[in-house]
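# fold the following.
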Amino acid sequence: MTDAEFIKNLKGAVNRDAAALEKIYLAYFKKLFGTALFVLRDRDDAYDAATDVILKLCDYSGAPAAIRNHTAFLAAMARNRALDILRRKNRSLSLCEEAVPIADCPSDCLWLEDICAVLSEEERDVFVRHALWGCRLKDIAKECGVPYIRVKRLYALVKEKVKKLYGRG
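Presented below is the predicted three-dimensional model:
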């Protein structure tokens, strides 16, 4: 979906057009879920975060035309919502001293958890933006305000770690 199509669909979603919301949902829910899963490492919480992002789009009060890069906008929304859930969860866990079992995750997202376990936070951010959202490495560098070569090296390190994880390196 292009930026213009996203803006058109976002305007429709804000005006309660179910078809426009469905287009956004079908195009981005899996990516939102994957982004949240990298932060939360819990399938149920990641699903909740992705759902919250979709629902927040229905009540978006800003100017849709002001969104210059909708993929970065959605990725940031998913990451921020996941961080909010993580903060709330950590606060509640510190209040109760019970052990919290790790949620079962079906095999379709186990690879995300495996990769998440071996990458640093900075590497995960580059991986999510590039592999899940399809952002170019140059765009990631520009958005983060770091040199392109740094992002390129980080992604090379990510590829090395993933190859090593799956026995191909």
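
# against which helices or strands is the helix or strand hosting Lys31 packed?
Per DSSP states H and E, Lys31 falls inside helix 18-40. Where contact means 3 or more C-beta pairs under 8 Å, 6 or more residues apart in numbering; DSSP states H and E, helix 18-40 is packed against helix 3-14, helix 43-58, helix 70-95, helix 110-118. Where C-beta positions appear, they are placed from N, C-alpha and C, glycine not excepted.

# chain center to the last one, what's the gap?
If I follow you right, that is helix 110-118. 14 Å (C-alpha atoms, centre = their mean, to the nearest Å).

# beyond it, next helix or strand please.
Read in the C-terminal direction, the helix or strand following helix 110-118 is helix 121-127, with elements assigned using DSSP H and E.

# list the helices and strands that following helix packs on?
Packed against helix 121-127 by the contact rule (3+ C-beta pairs under 8 Å, 6+ apart) you find helix 137-144, helix 148-165.

# adding mean pLDDT and distance to Lys30, write those out as JSON lines.
Below are these laid out as JSON lines (pLDDT from 0 to 100; distance: least, C-beta to C-beta, whole Å):
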{"stretch": "helix 137-144", "mean pLDDT": "89", "distance to Lys30": "20"}
{"stretch": "helix 148-165", "mean pLDDT": "88", "distance to Lys30": "19"}
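
# and of the helices and strands packed on helix 18-40, who's closest to Arg136?
helix 70-95 (10.6 Å; C-beta to C-beta).

# which residue packs closest to Leu32, ignoring adjacent ones?
Taking C-beta to C-beta, 6 or more residues apart in numbering, and ignoring the residues beside it in sequence, Leu32 has Ala50 as its nearest neighbour in space, at 3.8 Å.

# surely that neighbour meets Phe38?
No: with the criterion set as C-beta atoms under 8 Å, Ala50 and Phe38 do not qualify as a contacting pair; they are 11.8 Å apart.

# those two: which is more packed in?
Ala50 (26 against 23; other C-beta atoms under 10 Å).
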